[in-house]
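> Sequence and predicted structure below; questions after.
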Amino acid sequence: MLLFLTSCIKSGLKYINFVAKSGDYESYLDISYGSKPANKLNIYLPKNQKITATIIFYYGGCWGYCNKLDKNDYLFVAETLTKKGYAVVIADYQQYPQVKFDEILTDAKNVTLWVLSHLQHYGITHQNIFIMGHSSGAHIGSMLVADERLLEGNLPTINGFIGLAGPYNFYPFNAEYMYDLFSSSDDYYRSQPINYINGNEPAHLLMQGSNDHKVNVTNAKSLAKKLEKYQVNNTLLLQDNMSHGKILAQFAKPFRENSQVVASLFEFIELNSH
């Protein structure tokens, strides 16, 4: 079971999502937010609870290079968050190598703008919106809150960003495919969230394991330092002996019950909600 939970592979995700199906939530599946076949999202709402926040979650997989994951692979994340009274949106997006990074980021931007303009149709009346991501999904989410041009004036409506093991400052690249994903010298600079920090960002919660061999922990440390320089509210939580996959597995049964990662996320949301 531990092997399944700590490896981001389809078999492991299928197992933990089977367990999550019994959660007390309602779902709206495969809603279109754009014109491309991949432009679909799922919404999960807690039952019999007041919804106090909405979390938009972006999954990883090296932007599509490492793993071809999809929104349905992360039901266990939604189940844990809805249990606390949060609405959850998990979206698919076009992935590499079919598209380059700019198109991936455009999809993510469109997801966020869609959520901001459609939540009321699902009975959600609060204004507490958080962006969250794991691995390359954390990079995508970080870009959305760092480059304030992307959300077209809507950045002030985002309460906070939650990054799990994200690459925020990873140039020069250490993998050949990245030179194709980010296909110009301008792209190289524009792909680094840390280059956009200017003090207008929402609160940040950055969490990563000390035993992460996929994303160097210096990414989180350098972003936290830059946020501190610009006096942006931020918390950096480094977990001893935790791997790249295991930090996300904290949202699965049975780890979530005693997880500092999950508890810290709940505390962050409560502190930064209106």
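Arrived safely, thanks for sending. Numbers count the residues shown, from 1 in each chain.
> what residues does stretch 183-194 touch?
100-102, 139, 142-143, 146-147, 168-171, 173, 182, 195, 222-223, 226 (C-beta atoms under 8 Å, 6 or more residues apart in numbering). (Glycine included, C-beta is placed from N, CA and C.)
> Write the ChimeraX selection for whichever of the residues you listed are buried.
Buried members of these, defined by 16 or more other C-beta atoms under 10 Å, are picked up in ChimeraX with:
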select :100,101,139,142,143,146,147,168,169,170,182,195,223,226
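> Dihedrals phi and psi, residue 172?
phi -70, psi 150 (degrees, to the nearest 10).
> How about residue 199?
Torsion angles at residue 199 (phi, psi; degrees, to the nearest 10) stand at phi 100, psi -10.
> same thing with the one 5 residues further on?
Reported as degrees, to the nearest 10, the phi and psi values for residue 204 are phi -120, psi 140.
> how close does it sit to residue 272?
For residue 204, the distance to residue 272 (C-beta to C-beta, to the nearest Å) stands at 10 Å.
> and what of residue 242?
24 Å.
> Ok, residue 122 next?
Residue 122 is 22 Å from residue 272, where distance means C-beta to C-beta.
> the strands in this structure, which residues?
25-32, 40-46, 53-58, 86-91, 129-134, 158-164, 203-209, 234-239 (DSSP state E).
> Longest helix of the protein, counting residues only.
helix 101-118 (DSSP state H).
> Strand 129-134 and that one, what's the angle between them?
Put simply, helix 101-118 runs at 150 degrees to strand 129-134, going by axes from the mean of the first three to the mean of the last three C-alpha atoms, to 10 degrees.
> Give the buried residues for helix 101-118.
Quick answer for helix 101-118 (16+ other C-beta under 10 Å): 101, 104-116.
> tell me which of these is nearest to residue 91?
Taking C-beta to C-beta as the measure, residue 91 sits nearest to residue 111 out of the buried residues of helix 101-118, at 4.3 Å.
> Do I have it right that the closest one meets residue 90?
No - contact criterion C-beta atoms under 8 Å: residue 111 and residue 90 do not qualify, at 9.4 Å.
> Next, show the common contact partners of these two.
With C-beta under 8 Å, 6+ apart as the test, residue 111 and residue 90 both reach residue 41.
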